[in-house]
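Enquirer: Any chance you could fold what I've pasted below:
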Amino acid sequence: MVRTRYAPSPTGPFHIGAARAALFGYAFAKNSGGAFVVRIEDTDLERSDKEYERDIFENLHWLGIVPDESPEMGGSWAPYRQTERTETYARYARMLLDRGAAFYCFHSEGELERERKELMDAKKPPVHVCEYRSMAREEQEMMREVKESAIIRFKTPVGKTIVFSDLIRGGISFESDILGDFSLAKKLSVPLYNFAVVVDDHEMEITHVIRGEDHIPNTPKQILIIEALEFLRPQYAHLPLILGPDRSKLSKRHGAASVGEYRREGYLPDALFNFIALLGWSPGSDKEIMSREEIVRLFSLERVGKSGAIFDIAKLDWMNGEYIRKKSSAELTKLCTPYLEDFLKFSISPDGKAIEDPRQSRDNNQFSKEYIESIIALEQPRIKKLSEIGERVEYFFRDPVYDKELLRWKSMENSAIRESLDKSYNLISSFSVKKAAISKEEIEKSFLEMIGAGDKGSVLWPLRVALTGKKASPGPFEILSVIPKKTALKRIKAAILLVS
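Expert: From the prediction side, this is the model:
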């Protein structure tokens, strides 16, 4: 059975590259009818933080990448945290020492740094070929009693070519002489990355290791450890780098952020899952909007490219907007409500009419659910992320403040603006308020009849600005179909005074 794993270190926020590695591992396992495992590599005690671990799991679940086994879910290969598996590592470290495949190195950090500098100055690879590699095990144990510190190193064979077949890149080879005698563990119970990951993958019967191409240099070291321990070798797939639009390394200047930040900004999990899936993978067609289930059904490593995947925040915004438009009005209102908290204490009573003081504080339950839904529905075709909603709809809750010049259509004089607004005021005053709302179509018909063959902009621009205070917003007919009549008239009157 296919078994994949995502093995993060909880040393920082869960970012896009990590999410893609998890998503591809998850999609490959689910497509193959296999299991997806999440384990935590937390042996870096100084940098590991439980808060980051919580961030990883919260955002995995939010994205819909739910593991079959993990520290949270449990499983037959538990425990799934490295700090809870120290005895297992010690057992295999002893095995390597006993077989002569590993040894204790007694060089100090200062000695190793000097050697590294000398090699680099001589333009040679800064690898350590240790003089202790040929020391008998008994002598090593005797030296451990007198030396203050010692690390365990792998005895790298000389002149060996290490070859593996990458499921994305094909055949890759390394010469062992460029690796040196690399470190395995600080001591028996404190493994370093390359050693711990090999042991965990073996113990948990991982069949496919899917990770970023930055791990390619680690692969020959891991293969040597696998061979020394006589383990079965998993299949490897190294994903392309994620790059900015300028093809440089992805960074915050390209709009990259942690998954948690995207979540707080109001990106939807389905949209972010869809977007991340297309970072380096193609479904075999031009289709871009796909459900999780469709992505899993179509997923294969054969369709993962070798070249860097371009992260385009504009495409993410477009895609998120497409998912927002698929939501029902009730669903979207619920999602948007947290972004309206600054406004929901003001201005509108349960029947949707304006209260006398639009800034008077009132409880959230003073707002009509239908009124809030109608506001959200008005902006649904326009917003790209949920966090935009507050700024866009502020005028529905607070009287706008703006410069009178914004009311001016082209080169209109103040007197012409007043005359235009007076006409709008009188027409709106004539609208019946007996029914719950006047439709956009009815409002539009009334205004177009009033304007006749005249310049529509000279009426509609000052009216829209008077209602919203914004350069860009939905049209005045849409706004008037939602905003209370009393509020509309009060704002138009204020605008008239502004140009008087």
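Enquirer: rest of the way, CA atoms for contacts and neighbours
Expert: Fine.
Enquirer: Tell me the buried residues in the worst-scoring helix or strand of the chain on mean pLDDT?
Expert: Sorting the helices and strands of the chain by mean pLDDT, DSSP states H and E puts helix 137-146 at the bottom, at a mean of 88. The neighbour-count check on helix 137-146 (16 or more other Cα atoms under 10 Å) flags 137, 140, 143 as buried.
Enquirer: tell me the contacts of the second one?
Expert: To tie it back to what came earlier, the one meant is Q140. Contacts for Q140 (Cα atoms under 8 Å, 6 or more residues apart in numbering) come out as 103-104.
Enquirer: how about 7 Å then?
Expert: For Q140, the contact set (Cα atoms under 7 Å, 6 or more residues apart in numbering) comprises Y104.
Enquirer: Need the buried residues of helix 137-146 in TSV (columns: distance to D286).
Expert: Below are these laid out as TSV (distance: Cα to Cα, whole Å):
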residue	distance to D286
R137	61
Q140	62
M143	64
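Enquirer: nearest to V259, of those residues?
Expert: Q140 (47.5 Å; Cα to Cα).
Enquirer: Need the nearest residue in space to V465, chain neighbours excluded.
Expert: Computed as Cα to Cα, 6 or more residues apart in numbering, the closest residue to V465 that is not its neighbour in sequence is L407, at 5.9 Å.
Enquirer: Give the closest residue to the residue nearest to the spatial centre of the chain in space, chain neighbours not counted.
Expert: Closest residue to the average C-alpha location of the chain: V259 at 2.8 Å, with Cα atoms, centre = their mean. For V259, ignoring the flanking residues on the chain, the nearest one in space by Cα to Cα, 6+ apart is H15 at 5.4 Å.
Enquirer: Also S374?
Expert: Per Cα to Cα, 6+ apart, closest to S374 is V482, 6.5 Å.
Enquirer: any idea whether the one you found is helix, strand or coil?
Expert: What DSSP: H, G, I helix; E, B strand; the rest coil gives for V482 is coil.
Enquirer: What number of neighbouring residues does it come out with?
Expert: 21 (other Cα atoms under 10 Å).
Enquirer: swap in A136?
Expert: For A136, the neighbour count with other Cα under 10 Å is 11.
Enquirer: Same check on E46?
Expert: 8.
Enquirer: What of the one 5 residues further on?
Expert: Residue neighbour count, defined by other Cα under 10 Å, stands at 12 for E51.
Enquirer: Go ahead and confirm N31 touches V296.
Expert: Yes - counting by Cα atoms under 7 Å, N31 touches V296, with 5.5 Å between them.
Enquirer: quick one: secondary structure of K486?
Expert: Applying three-state DSSP: K486 is helix.
Enquirer: what's the domain layout of this protein?
Expert: Following automatic domain parsing, one gets these domains for the chain: 85-239, 328-398, 404-498.
Enquirer: gap between the two ends of the first one?
Expert: Terminal residues of domain 85-239 are spaced 28 Å apart (Cα to Cα, to the nearest Å).
Enquirer: what separates it from the chain centre, distance-wise?
Expert: 33 Å (Cα atoms, centre = their mean, to the nearest Å).
Enquirer: The last one too?
Expert: Using Cα atoms, centre = their mean, the distance from the centre of domain 404-498 to the centre of the chain it belongs to is 42 Å.
Enquirer: and L229, how many neighbours?
Expert: 18.
Enquirer: Name the helix or strand for the nearest residue to it once chain neighbours are set aside, please.
Expert: Spatial nearest neighbour of L229, chain neighbours left out: L96 (7.1 Å); criterion: Cα to Cα, 6+ apart. For L96, the element it lies in under DSSP states H and E is helix 86-98.
Enquirer: which SSE is the residue nearest to P381 when sequence neighbours are not counted in?
Expert: Among residues not flanking P381 along the chain, R325 sits closest, at 6.2 Å (Cα to Cα, 6+ apart). According to DSSP H and E, R325 maps onto helix 313-326.
Enquirer: other SSEs contacting that helix?
Expert: helix 269-277 (3 or more Cα pairs under 7 Å, 6 or more residues apart in numbering; DSSP states H and E).
Enquirer: Give me the contact list for the helix it packs on.
Expert: Helix 269-277 is contacted from outside by 20, 62-63, 289-291, 316, 319-320, 323, using Cα under 7 Å, 6+ apart.
Enquirer: got those residues as JSON lines, with distance to P191 and neighbour count columns?
Expert: Output for these, formatted as JSON lines (distance: Cα to Cα, whole Å; neighbours: other Cα atoms under 10 Å):
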{"residue": "R20", "distance to P191": "26", "neighbour count": "22"}
{"residue": "W62", "distance to P191": "32", "neighbour count": "17"}
{"residue": "L63", "distance to P191": "31", "neighbour count": "21"}
{"residue": "I289", "distance to P191": "43", "neighbour count": "17"}
{"residue": "M290", "distance to P191": "41", "neighbour count": "16"}
{"residue": "S291", "distance to P191": "40", "neighbour count": "13"}
{"residue": "L316", "distance to P191": "39", "neighbour count": "19"}
{"residue": "M319", "distance to P191": "43", "neighbour count": "22"}
{"residue": "N320", "distance to P191": "42", "neighbour count": "25"}
{"residue": "Y323", "distance to P191": "45", "neighbour count": "18"}
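Enquirer: To which secondary structure element is the residue of the chain most remote from its centre assigned?
Expert: Centroid-distance maximum for the chain: S415 at 52.6 Å, with Cα atoms, centre = their mean. Assigned by DSSP H and E, S415 belongs to helix 414-429.
Enquirer: what distance separates the start and the end of stretch 208-218?
Expert: 15 Å.
Enquirer: One more: stretch 398-415?
Expert: Terminal residues of stretch 398-415 are spaced 27 Å apart (Cα to Cα).
Enquirer: What residues sit buried inside stretch 70-89?
Expert: So, applying 16+ other Cα under 10 Å, buried residues of stretch 70-89: 70-71, 78-83, 85-86, 88-89.
Enquirer: Looking at those residues, which two lie furthest apart in space?
Expert: Pairwise over the buried residues of stretch 70-89, using Cα to Cα, the maximum falls at S70 and Y89, 18.9 Å.
Enquirer: where along the stretch 201-350 of the chain do the helices fall?
Expert: 219-229, 259-265, 269-277, 292-298, 313-326, 329-336 (DSSP state H, counting those that start in this stretch).
Enquirer: Can you tell me which of those helices is packed in deepest?
Expert: helix 269-277 (a mean of 21; mean count of other Cα atoms under 10 Å).
Enquirer: Dump it to PDB, keeping only the CA atoms.
Expert: What follows is helix 269-277, C-alpha atoms only, in PDB (Å, rounded to 0.1, in the frame of the first residue of the first chain):
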ATOM      1  CA  PRO A 269      -9.700  27.100   2.000                       C
ATOM      2  CA  ASP A 270     -11.100  25.600  -1.300                       C
ATOM      3  CA  ALA A 271      -9.500  28.400  -3.300                       C
ATOM      4  CA  LEU A 272      -6.100  28.200  -1.600                       C
ATOM      5  CA  PHE A 273      -6.100  24.300  -2.000                       C
ATOM      6  CA  ASN A 274      -6.900  24.700  -5.700                       C
ATOM      7  CA  PHE A 275      -4.300  27.400  -6.200                       C
ATOM      8  CA  ILE A 276      -1.500  25.500  -4.300                       C
ATOM      9  CA  ALA A 277      -2.300  22.300  -6.300                       C
END
